[in-house]
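Visitor: Coordinates only, no sequence provided:
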């Protein structure tokens with residue numbers, strides 16, 4: 001017999017799916033005029049990027065918080081954005097701005113994804129070998145790593161000429177307007193595969209959320225599960241970051257909203273809910289800016305503002321306890 005409230009959580013996930021479909025239709029069709037095919041193509045590419053990045057960030061944050069055993073951490077908070085900037089800087093230094101521009105888009109995207117996935121798996125694995133339940137230590141370690149990686153990136157950037165530095169500076173901020181269809185297709189395939197694998201692992205993730213000692217006592221190979229989860233999370237975050245750039249606080253926002261709206265601790269509910277909420281936030285924000293306000297304001301800046309405020313609120317609430 002399912003626990004009381006389980007049906008309500010599933011209905012809320014269904015409502016989230018319907019809301020996302022309606023919002024996507026509005027994003028594509030709002031004030032559509034000739035040439036319709038060309039405009040729909042541009043809108044569909046941007047919409048696909050918004051949905052992929054929001055879904056990947058939300059689901060990856062749920063996975064990271066589960067293996068880290070706390071709800072305040074996201075991949076961005078422990079230095080992933082700084083790692084992305086350093087890798088972009090090294091790539092431009094090695095190839096030059098002109099050489100990087102001459103690379104096929106699919107080859108560059110593949111290089112970025114592989115480098116980010118490998119580096120992020122090593123980074124998060126190093127952090128989680130320590131006591132991840134000590135939130136203060138995890139946050140401080142992440143901040144120190146982030147400062148160190150940014151310092152290395154800035155040191156390398158000082159060796160560049162202004163044109164190469166402009167290429168790096170463009171990559172520092174998330175942008176949904178420069179997405180290639182081939183990259184988007186690869187991102188969608190990787191994201192769907194990672195989400196499907198994570199959903200298959202949902203019962204094991206529910207047990208892992210009880211803590212390492214409890215999970216091992218129940219017969220779960222916790223260390224192997226953490227490794228597989230890190231690989232899935234690194235694939236999601238690497239693909240979304242390579243696609244548009246880093247967004248630090250979006251994951252914290254989506255994970256918190258998913259838990260509040262569903263009221264569930266089951267990963268079979270939390271993962272799709274967080275994925276759809278992340279997509280809803282980005283699509284709704286872009287729709288308001290572009291269609292209703294006619295503004296070109298950076299959506300990532302607004303998301304970071306509200307996500308940062310939420311992080312401060314959660315930290316202060318935890319301290320009061």
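Guide: Thanks, I have it. If you're wondering where the values come from, they're calculated on a predicted model, not measured in any experiment.
Visitor: Nearest the geometric middle of this protein, what residue?
Guide: residue 57 (2.2 Å; C-alpha atoms, centre = their mean).
Visitor: so where is the stretch 1-150 of the chain shaky, pLDDT-wise?
Guide: 1-6, 78, 123-139, 142 (pLDDT under 70).
Visitor: Toward the C-terminus, what is the element adjacent to the top helix by length along the chain?
Guide: In the chain, with assignment by DSSP state H, the single longest helix is helix 36-68. Using DSSP states H and E, the helix or strand that follows helix 36-68 in sequence is helix 80-102.
Visitor: What residues of that following helix count as buried?
Guide: 80-89, 91-93, 95-97, 100 (16 or more other C-beta atoms under 10 Å). For glycine as for every other residue, the C-beta is placed from the backbone atoms N, C-alpha and C.
Visitor: What helices and strands are in contact with whichever helix or strand comes after it?
Guide: Using DSSP H and E, the helix or strand that follows helix 80-102 in sequence is helix 105-128. Applying 3 or more C-beta pairs under 8 Å, 6 or more residues apart in numbering; DSSP states H and E, we find helix 105-128 packed against helix 36-68, helix 80-102, helix 135-157, helix 181-200, helix 222-244.
Visitor: So which of those helices is nearest residue 117?
Guide: helix 222-244 (4.3 Å; C-beta to C-beta).
Visitor: what packs against the following helix or strand past that closest one?
Guide: Downstream of helix 222-244, the first helix or strand assigned by DSSP H and E is helix 250-262. Under the contact criterion of 3+ C-beta pairs under 8 Å, 6+ apart, helix 250-262 touches helix 6-29, helix 36-68, helix 267-287, helix 299-320.
Visitor: would JSON lines of those helices with distance to residue 182 be doable?
Guide: Listed next are the helices and strands packed on helix 250-262 as JSON lines, based on distance: least, C-beta to C-beta, whole Å:
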{"stretch": "helix 6-29", "distance to residue 182": "21"}
{"stretch": "helix 36-68", "distance to residue 182": "11"}
{"stretch": "helix 267-287", "distance to residue 182": "21"}
{"stretch": "helix 299-320", "distance to residue 182": "23"}
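Visitor: Just name the most buried of those helices.
Guide: For those, the largest average neighbour count (mean count of other C-beta atoms under 10 Å) is found in helix 267-287, namely a mean of 24.
Visitor: Can you pull out the low-pLDDT segments for the stretch 151-300 of the chain?
Guide: Ranges of the stretch 151-300 of the chain meeting pLDDT under 70: 171-175, 177-178, 293-300.
Visitor: Now do the longest helix of the chain: distance to the chain's middle.
Guide: 9 Å (C-alpha atoms, centre = their mean, to the nearest Å).
Visitor: And stretch 86-102, by the same measure?
Guide: 24 Å.
Visitor: So what touches it?
Guide: Residues outside stretch 86-102 that contact it (C-beta atoms under 8 Å, 6 or more residues apart in numbering) are 103, 108, 111-112, 115-116, 119, 149-150, 152-153, 156-157, 159-160, 163-164, 166-168, 171-172.
Visitor: Type out the PyMOL command that picks the buried ones from the residues you listed.
Guide: Remark: buried members of the contacts of stretch 86-102, expressed as a PyMOL selection using 16+ other C-beta under 10 Å:
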select buried, resi 108+112+115+116+119+149+150+153+156+157+160+164+167+168+171
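Visitor: how close does residue 227 get to residue 233?
Guide: Residue 227 sits 11 Å away from residue 233, going by C-beta to C-beta, to the nearest Å.
Visitor: So these two - more neighbours on which side?
Guide: A count of neighbours by other C-beta atoms under 10 Å puts residue 233 above the other of residue 227 and residue 233, at 26 against 15.
Visitor: residue contacts, residue 84?
Guide: 116, 171, 241, 242, 245, 246.
Visitor: number of nearby residues for the fifth one?
Guide: Right, the one you point to is residue 245. 21.
Visitor: Phi, psi for it please.
Guide: phi 110, psi 180 (degrees, to the nearest 10).
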